[in-house]
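K.L.:
The following block contains a protein sequence and its predicted model.
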Amino acid sequence: MSGSRECSSGNQNIFPFISTIMVYKFPNLSHQELVVMLELGSIKKTRVYREALQEGESIGEARGLLRGKLGAVPALYLRNFSVEEIAEASGLTVDQVQSALPKS
């Protein structure tokens with residue numbers, strides 16, 4: 001299973017690489033012409049593309065959630081919640097909470 005995962009990961013990395021090569025190889029082509037040439041429409045239907053898109057969306061959601069939690073830290077601290085209480089309630093580590101506090 002690990003081998004197939006590595007192969008899938010390798011495939012995900014090759015599309016941007018090929019696209020970059022095509023851009024430099026054919027500098028006079030428009031973006032639309034390159035898309036047609038690479039048939040990117042059909043690539044979007046592949047499992048590799050869908051998995052990569054889903055992974056990217058998951059990473060973006062996780063980052064947004066973390067940003068939101070970190071953004072709430074100063075207000076909670078000003079309301080006299082301890083660093084430990086904020087960490088426990090938010091699921092953040094004590095270090096993350098401390099790094100989100102305003103420097104005074």
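P.N.:
Looks like it arrived, so ask away. Remember, it's a predicted structure, so these values are computed and weren't measured experimentally.

K.L.:
only C-alpha atoms for contact and neighbour calcs from this point on.
P.N.:
Fine.

K.L.:
For the longest helix anywhere in the chain, name the packing helices and strands.
P.N.:
Looking across the chain with DSSP state H, the single longest helix is helix 47-78. Helix 47-78 sits against helix 2-25, helix 83-90, helix 94-100, with contacts defined as 3 or more C-alpha pairs under 8 Å, 6 or more residues apart in numbering; DSSP states H and E.

K.L.:
where's the residue lying farthest from the centre of the chain relative to residue 86, distance?
P.N.:
Going by C-alpha atoms, centre = their mean, the residue of the chain most distant from its centre is residue 80, 33.6 Å out. Distance of residue 80 to residue 86, given as C-alpha to C-alpha, to the nearest Å: 10 Å.

K.L.:
again with residue 98
P.N.:
10 Å.

K.L.:
And the two? Which one has more around it.
P.N.:
residue 86 (23 against 19; other C-alpha atoms under 10 Å).

K.L.:
Please parse this protein into its domains.
P.N.:
1-45, 62-104 (automatic domain parsing).

K.L.:
model confidence over the shortest one, on average?
P.N.:
So that's domain 62-104. Averaging the model's pLDDT scores along domain 62-104 yields 96.
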